[in-house]
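Colleague: Here is a sequence with its predicted model. Questions after.
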Amino acid sequence: MTMRDETIGIDGLALESMDVSDPAMYQQDTWRDMFARLRREAPVNYCADSPYGPYWCLSSYEEIMQVELDHDTYSSASAVGGIRVDDQPAGEELPNFIRMDPPRHTAQRKTVAPIVAPTNLRNMEELIRQRTSDALDSLPRGETFDWVDLVSTELTAMMLATLFDFPFEDRRKLSFWSDVAIADIGSEDAVVKSHEERMGHLHEMAAYFGELWKQRESGEPGFDLISMMARSEATANMPPREFIGNIALLIVGGNDTTRNSMSGGLLAFAENPGEYEKLRADHSLVKTMVPEIIRYQTPVIHMRRTALKDTELSGHKIAKGDRVVMWYISGNRDDSVIEDADQFTIDRPRARKHLSFGAGIHRCVGDRLAELQLEILWQEILSRDLKIEVMGPPVRLYSNFIRGIRSLPVQIRE
């Protein structure tokens, strides 16, 4: 019998047999009941048998935060396992600054942080608003189209092209490389079917960026991510795999949180029309709506750490080398910390109290940029009073890492 055999049910499973790493749970959107029981009965639970090996499953907000903030005990380093429940295949290890511990992590993160500093965000706001306006005004009226393609992917691709000063006509390459980097090879509809195919595309990405790198390091200093890395002591001479890893990280980081929150937010409103009427009546609620969308969608499902020493967590003995997996998607539904956490509530008090951006030294460096893009999108939707109707179910990504929406059919009613 499988873990999800309906003759057993979630409540009939032994806790030690509960494995939340199955990507199908997230593609089918059937993860809620299992995590609810784990939060209730075993917020720190040892799963001895999974396709990825044994791991500690953290499902509650407080334990996740403890691990997030203790980087001396729990490592993100690629050399000990990295940031996903599954280890990178041998020969495919791609270290980057999120897969590093201090001090290397600190130096590399500091290199790219100025691109999303408050002053630069203010400088980019007008450009983001104009592009968003143009995208919304170009959408068909009265006919079904894919919101993910024409809005979510297009807007994030344009933003990524700006951050990298990447050739604008090739911006969809960035979206494709992001999909390649996070693809689950086990999926029938994955954009790549083998690790070799994935690495082939990532080497193409590296070659493209390598040419841009050469131009930037010898030209006038620019204010873009490639120029920043090319001219920083911490990143100027990265080994080839580290170069690929950091470029892929910046593309995925700048793409998936925002793209999937743009799609997930529209879906949340379709499922909670009363919240949209609340927003239409008071546009100022955009400020709390944006972090609520990001919490409710939880674009990054989990992050993994590896224990560097024997330790203890909430009475459980964690051994050196154990993998410890923080399930953000569950921590963001923890009623003991977030009131009515399963509800989508756009005027939620303390709306930024969520785990979607992580915490501590690895908190998402582009969190404010993601919020700004979402804020502007919904301001422009409201200013046009667009009546957007979801016409069918979303097609979700097969992944236990990114909670992605591949397509979402919608119509704008006249």
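Modeller: Cool, the structure landed.

Colleague: Quick one: residues contacting residue 65.
Modeller: Contacts for residue 65 (C-beta atoms under 8 Å, 6 or more residues apart in numbering) come out as 331, 355, 359. All C-beta spots, glycine's among them, are computed from the backbone N, C-alpha and C.

Colleague: mind checking the backbone torsions on the second one?
Modeller: Backbone dihedrals for residue 355, given as degrees, to the nearest 10, come out at phi -110, psi 0.

Colleague: Spell out the residue ranges of the helices in the stretch 101-250 of the chain.
Modeller: For the stretch 101-250 of the chain, the helices defined by DSSP state H, counting those that start in this stretch cover 104-112, 118-137, 147, 154-164, 171-182, 195-218, 225-230, 240-271.

Colleague: Of those, which is nearest residue 306?
Modeller: The closest approach between residue 306 and any of those, judged by C-beta to C-beta, belongs to helix 104-112 at 14.5 Å.

Colleague: contacting residues for the closest residue to residue 92 other than its chain neighbours?
Modeller: Leaving out its chain neighbours, the residue that sits closest to residue 92 by C-beta to C-beta, 6 or more residues apart in numbering is residue 195, at 5.6 Å. Listed by C-beta under 8 Å, 6+ apart, the contact partners of residue 195 are 89, 92, 185.

Colleague: Look up how far residue 66 lies from the second one.
Modeller: Taken as C-beta to C-beta, to the nearest Å, the spacing of residue 92 relative to residue 66 amounts to 31 Å.

Colleague: Between the two, which has more neighbouring residues?
Modeller: The residue with more neighbours, out of residue 92 and residue 66 and counting by other C-beta atoms under 10 Å, is residue 66; that gives 17 against 13.

Colleague: buried set for the helix or strand harbouring that one?
Modeller: Using DSSP states H and E, residue 66 falls within helix 61-69. Taking 16 or more other C-beta atoms under 10 Å as the neighbour-count basis, helix 61-69 is seen to contain the buried residues 61, 63-68.

Colleague: Taking these, tell me the two that lie furthest apart.
Modeller: 61 and 67 (11.4 Å).

Colleague: Give me the residue ranges of the stretch 101-250 of the chain where confidence is low.
Modeller: Applying pLDDT under 70 to the stretch 101-250 of the chain flags no residue at all.

Colleague: Give me the neighbour count for residue 257.
Modeller: Using other C-beta under 10 Å, the number of residues around residue 257 comes to 27.

Colleague: separation between it and residue 381?
Modeller: When distances are taken as C-beta to C-beta, residue 257 and residue 381 turn out to be 19 Å apart.

Colleague: so what's the closest residue to residue 203 other than its chain neighbours up against?
Modeller: Closest residue to residue 203 in three dimensions, ignoring its sequence neighbours and counting by C-beta to C-beta, 6+ apart: residue 244, at 7.4 Å. Contact partners of residue 244, counting by C-beta under 8 Å, 6+ apart, are 94, 202-203, 205-206.
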